[in-house]
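Undergrad: Could you look at this predicted model? Sequence included:
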Amino acid sequence: MSTDVKRVTTVLTALLLAALTTTASPGAAWGAGSAGPSAGQRIANALRTSPVYVDEAYADAVPPSRQRQLAQQIRRTGLPIKVVLTPLTKGDAFDGDSDVLAGTVRDRLPDQRELVLITTDGDFADSLNGYEWPADTHQTRDAVTAAGFLDETRDAGLADLTDKAVELVAEGKGTQRYEEAIKDLDGATAPSATPDDSAATSAASYSGGSAWWLLIGVPVLALAAALAARGGIRTRKTPPAVPQLVFATARAADEAELRRRAETEVLALGEATQAADLATTPGLQHALDAYAAAGTVLDEARGLPDLAGVLALVQEGQDALNGTHDTALPRCFFHPLHGRAALRTGWRPLGRRDRLDVAVCQECADALRDRRAPEVLTDTDENGRTVPYFELPAERSVWAATGYGSLKAPLAGINSRGIRAR
């Protein structure tokens, strides 16, 4: 039996045992009706004494001696890295979802402001996922994914794979390593362009490559995994490429595209103000001021936070024209590119006792309800670090001061600075 088949069989056996245990004792899995701590709390408690947590199901793959080596390796990096290796299956304490696992563990380590977390993956056996808070400063997600694409880790066990993931996170070049690792894969799968299609392909070739994988690659990989489990074929470790290619494609829809969108919306607001009748539009002057501010910010925009601010100003102007400025919700506080908020809720920033009343979209509201960290728009602080935009000093960023409308109207914030965003 090949090494890959043995490894897949071992993992499947561990998952089956975990599932049977969950069925026999559902209260233990969810922490309901049990005097002991929940699964998430047990992991968090263990991480307070060692940066490496390994479930008993993986004790053979990552024995105590390797756990100690990993812990020493992590301590040498000087980074707040934690490793959680535990089987994930549908219906367990984390519903088989590594995102839920990561969010649960993070929530139970509230005293650790910065955290890099490497976990097992719930969708692909013997793969890893990377998470980082408060922002992906060390390119953790890409670094951990890249570890699974290297030739040297193709047949590596879980311990060696984790070792490499920690090494790449510490290196701090995760995105570069990931792009290098999938370069050949992406070039082989992306459809070639005809001369007449070259212009369109240059703008969307990566998106096309991802679509090819989603439509064809996923079923093929699923079949390959099933055959490998039966001992039929030897597979290369490529499943994590599918979701990561999607993430890379999302990143490719970058600043240039958002700038074009912002320009279009500013022009549309200008046309709407010109067509409005002052006698029947009490908010026309407010809309004109928002239009002027949006145009100025657009001209001076230095990145996504400013462009998101343009959209917030345009929305404020539109609401003024519609007479709903005093009642309509602003854009989502955590990530204004999510669009208009769906509700307001209380939120307490890390390290503060007081709670803020912020407007959030449904996606972020669901994350808060489930005690998960919502997706946030990031900016760069004075030291060049990537941080949530609202962590910047209010005197440095109008968006931190206004929360894109949650804390103060964007136009009021802009006007207080002499119509400058920075």
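TA: Thanks, I have the structure now.
Undergrad: Residue ranges in this protein under the pLDDT threshold?
TA: For the chain, the stretches with pLDDT under 70 are 1-36, 125, 184-254, 350-352, 418-422.
Undergrad: rerun that using 50 as the cut-off
TA: 1-35, 187-253 (pLDDT under 50).
Undergrad: ok, which stretches of it are strands?
TA: 52-54, 81-85, 115-120, 128-133, 343-347, 356-360, 378-380, 386-388 (DSSP state E).
Undergrad: The ones you listed: which one's closest to residue 290?
TA: Checking the strands of the chain against residue 290 by C-beta to C-beta gives strand 356-360 as the closest, at 17.5 Å. C-beta here means a position set from N, CA and C on the backbone, and glycine is covered the same way.
Undergrad: Would you mind pulling up the elements that the closest one packs against?
TA: Counting contacts by 3 or more C-beta pairs under 8 Å, 6 or more residues apart in numbering; DSSP states H and E, strand 356-360 is packed against strand 343-347.
Undergrad: before we move on, back to that, what would the strands of the chain look like in JSON lines with distance to residue 415?
TA: Shown next, in JSON lines, are those (distance: least, C-beta to C-beta, whole Å):
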{"stretch": "strand 52-54", "distance to residue 415": "51"}
{"stretch": "strand 81-85", "distance to residue 415": "45"}
{"stretch": "strand 115-120", "distance to residue 415": "38"}
{"stretch": "strand 128-133", "distance to residue 415": "34"}
{"stretch": "strand 343-347", "distance to residue 415": "24"}
{"stretch": "strand 356-360", "distance to residue 415": "21"}
{"stretch": "strand 378-380", "distance to residue 415": "21"}
{"stretch": "strand 386-388", "distance to residue 415": "25"}
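Undergrad: how near is the closest residue to residue 51 other than its chain neighbours to residue 267?
TA: Once flanking residues are discounted, residue 51 sits nearest to residue 74: 4.6 Å by C-beta to C-beta, 6 or more residues apart in numbering. The gap separating residue 74 from residue 267 is 52 Å, by C-beta to C-beta, to the nearest Å.
Undergrad: Looking at these two, which is more packed in?
TA: Using other C-beta atoms under 10 Å as the criterion, residue 74 and residue 267 rank with residue 74 on top: 24 against 13.
Undergrad: which residues does the residue lying farthest from the centre of the chain contact?
TA: Going by C-alpha atoms, centre = their mean, the residue of the chain most distant from its centre is residue 279, 47.3 Å out. By C-beta atoms under 8 Å, 6 or more residues apart in numbering, no residues touch residue 279.
Undergrad: could the strands of the chain go into a markdown table alongside mean neighbour count and distance to residue 416?
TA: A markdown table is the format used below for the strands of the chain (neighbours: other C-beta atoms under 10 Å; distance: least, C-beta to C-beta, whole Å):
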| stretch | mean neighbour count | distance to residue 416 |
| --- | --- | --- |
| strand 52-54 | 23 | 48 |
| strand 81-85 | 25 | 41 |
| strand 115-120 | 24 | 35 |
| strand 128-133 | 24 | 31 |
| strand 343-347 | 14 | 23 |
| strand 356-360 | 20 | 19 |
| strand 378-380 | 20 | 19 |
| strand 386-388 | 17 | 22 |
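Undergrad: Those: which one's closest to residue 329?
TA: strand 356-360 (4.9 Å).
Undergrad: List the strands paired with the closest one, with their directions.
TA: strand 343-347 (antiparallel) (DSSP bridges).
Undergrad: Residues touching the strand it pairs with, excluding its own?
TA: With C-beta under 8 Å, 6+ apart, strand 343-347 has contacts from 329, 333, 355-360, 362, 365, 368, 406.
Undergrad: right, and out of those, which lies closest to residue 66?
TA: Of all the contacts of strand 343-347, residue 66 sits closest to residue 368, with 37.2 Å by C-beta to C-beta.
Undergrad: For the closest one, give me its contacts.
TA: 345, 347, 360, 374.
Undergrad: Let's see that with 7 Å instead.
TA: Residue 368 makes contact with 345, 347, 374, according to C-beta atoms under 7 Å, 6 or more residues apart in numbering.
Undergrad: Now flag whichever of the residues you listed is closest to residue 106.
TA: Set against residue 106, the nearest of the contacts of residue 368 by C-beta to C-beta is residue 374 (12.1 Å).
Undergrad: gap between the residue nearest the centre of the chain and residue 105?
TA: Note on the chain: the residue nearest the mean C-alpha position is residue 375, at 6.0 Å, using C-alpha atoms, centre = their mean. Distance check for residue 375 against residue 105: by C-beta to C-beta, it reads 18 Å.
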